[in-house]
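In: Sharing a model prediction with you, sequence too.
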Amino acid sequence: MTTLHPIGTDARAVQAALPAALDGTAPLALGFAPDAGDAVPAGTAVVIATSGSSGIPKRVVLSGAALRASGEATAARIGEGQWMLALPAGYVAGLQVLARSLAAGQTPARLDGRFTPKAFIEATSELTAERKYTSLVPAQLATLLDAAPELPAVRTALAAYDAILIGGQSLPGPLRERAADAGARIVRTYGSSETAGGCVYDGVPLGGVTVTVRAGELQITGPTLADGYLGDPDLTERTFVHVEDTRWYRTGDAGEVSDAGVVAVHGRIDNVIVSGGINISLDRVERVVRGVTGLEHAAVVGVEDERWGEASVVVAPRPAAPDATQDLLSLAREAVGAAIGAPARPSRLVLLDDFPVLASGKPDRQRLRRMLDVPDDPVIA
């Protein structure tokens, strides 16, 4: 067993400590201060503190072998070159930018401080290699595209990348189309800390990775899997299961895999409400709602409902144009009704001046639920 080294999440510090972490001599604790008794198996590179999609704090143990396997599979899929770090190094996607750079023998560019379009342009200009890559979350991509009409250099910077990996949450269709119009080469990724980051690119698993469905749940196997959870053997046993001598990660996501091997993710298995006796996936409702212009960054959460037992509520940032709020709820209800069915239609729309998000760019759903103690008006503007 090996002792963990606390490193914080500063990108410079993580970058400097990463070589020793990957060879197993000084494994890192990212995002938490390890207890004196915390020890990890030989070969561990990092332990990442994450709440993932469940909101339950976990400490994911990743070996150097898993991180290298992920980096090698990524390079085989999209190519090798110089990366720009625009995500926190304490998140697996940010960590992987540094690890891929190290494997390629390249010094990454870094976007330090607050993410802004001008900072993105400046960091992109520091890339000198022929092939360029970065990873973003959808909220960052939206920030860039919103600024592009007034700042044309944003489009030039976006188009400079051979691939921009987008993960962390689903990418709304309208945002994807805007990115393509701006010349951005987007690769949608699916994965988690437990899979050493994205392991499915544009629906297709990376080399060595296999995805299957059991009882409606997506499960993943391959060389990128984490070893488990630090200090929580019960959770490790429930989440990483053996089927015929193969170790699988239970994602907790509902989905399907086509005959051609293309993975489709439908949402969290546990993010379901029962409205009028009908099971409704809030993730599925949210994906449809985000296809409505003006609601690209919305979140959909469940609330108690006196008539139906439970109902869904759309919560979104307030549009910049005052008249853009009109008919948004009707458009959302119409889109959801057509795509999923009338019982799934959201009951309310809440527009916020200060929309809470996590450091990863995802909506802070726990805060949103606490904020939803609002009147029964269908639109709270």
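Out: Nice, thanks for sending it over. Note that the structure is predicted; figures quoted are calculated from it, not measured. Numbering: from 1, shown residues only.

In: can you list the domains in this structure?
Out: Split into domains by automatic domain parsing, the chain comes to 2-192, 271-380.

In: who touches stretch 168-184?
Out: 93, 137-138, 141-142, 145, 148, 154-155, 158-159, 161, 164, 186, 188, 265, 283, 286-287, 290-291, 293, 296, 360-362 (C-beta atoms under 8 Å, 6 or more residues apart in numbering). All C-beta spots, glycine's among them, are computed from the backbone N, C-alpha and C.

In: hang on, the earlier thing: and the domains of the chain, which one averages the lowest pLDDT?
Out: Least confidently modelled of the domains of the chain is domain 271-380, at a mean of 82 by mean pLDDT.

In: hang on, the earlier thing: among the domains of the chain, show me which one is buried the most.
Out: Among these, the stretch with the highest mean neighbour count (mean count of other C-beta atoms under 10 Å) is domain 2-192, at a mean of 19.

In: Ser347 is in contact with Ala311, isn't it?
Out: Yes - the pair Ser347 and Ala311 passes the contact test of C-beta atoms under 8 Å, sitting 4.1 Å apart.

In: what sits in contact with each of those two?
Out: Asp305.

In: Among the contacts of stretch 168-184, which are located in helices?
Out: Using DSSP state H, the members of the contacts of stretch 168-184 that fall within helices are Ala93, Pro138, Leu141, Ala142, Leu145, Val154, Arg155, Leu158, Ala159, Asp283, Glu286, Arg287.

In: Quickly note the distance from the nearest residue to the second one once chain neighbours are set aside to Arg59.
Out: Just to be clear, that refers to Pro138. Closest residue to Pro138 apart from its sequence neighbours, by C-beta to C-beta, 6 or more residues apart in numbering: Leu171 at 5.3 Å. Look at Leu171 and Arg59: by C-beta to C-beta, to the nearest Å, they are 28 Å apart.

In: what's the answer for Phe120, then?
Out: When Phe120 is compared with Arg59 (using C-beta to C-beta), they lie 31 Å apart.

In: Show me which helix runs longest in the protein.
Out: The chain, longest helix under DSSP H: helix 64-78.

In: So which elements touch whichever helix or strand comes after that one?
Out: Moving toward the C-terminus from helix 64-78, the next helix or strand (DSSP states H and E) is strand 82-85. Strand 82-85 sits against helix 92-104, strand 109-110, strand 132-136, with contacts defined as 3 or more C-beta pairs under 8 Å, 6 or more residues apart in numbering; DSSP states H and E.

In: so which of those comes closest to Thr2?
Out: Thr2 sits nearest to helix 92-104 of all the helices and strands packed on strand 82-85, at 18.3 Å, using C-beta to C-beta.

In: so that closest one versus helix 64-78, what angle?
Out: 80 degrees (axes from the mean of the first three to the mean of the last three C-alpha atoms, to 10 degrees).

In: Please work out the angle formed by the directions of helix 92-104 and strand 132-136.
Out: 160 degrees.

In: Please tell me how far helix 92-104 is from the chain's geometric centre.
Out: 16 Å (C-alpha atoms, centre = their mean, to the nearest Å).

In: sorry, back to before: switch the helices and strands packed on strand 82-85 over to a markdown table; also include distance to Ala11.
Out: Output for these, formatted as a markdown table (distance: least, C-beta to C-beta, whole Å):
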| stretch | distance to Ala11 |
| --- | --- |
| helix 92-104 | 7 |
| strand 109-110 | 5 |
| strand 132-136 | 13 |
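
In: Show me what the mean pLDDT comes to for stretch 201-215.
Out: 97.

In: buried ones in it?
Out: By neighbour count, with 16 or more other C-beta atoms under 10 Å as the criterion, the buried positions of stretch 201-215 are Tyr201, Gly203, Pro205, Leu206, Val209, Val211.

In: From Glu194, how far off is the nearest residue to the third one once chain neighbours are set aside?
Out: Once flanking residues are discounted, Pro205 sits nearest to Val211: 5.2 Å by C-beta to C-beta, 6+ apart. When C-beta to C-beta is the yardstick, Val211 and Glu194 sit 13 Å from each other.

In: How about Ala157?
Out: Distance from Ala157 to Glu194, by C-beta to C-beta: 32 Å.

In: Ala17 now?
Out: Ala17 is 22 Å from Glu194, by C-beta to C-beta.

In: follow-up on the earlier one: can you put the domains of the chain in JSON lines and add distance to Thr251?
Out: Listed next are the domains of the chain as JSON lines, based on distance: least, C-beta to C-beta, whole Å:
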{"stretch": "domain 2-192", "distance to Thr251": "7"}
{"stretch": "domain 271-380", "distance to Thr251": "13"}
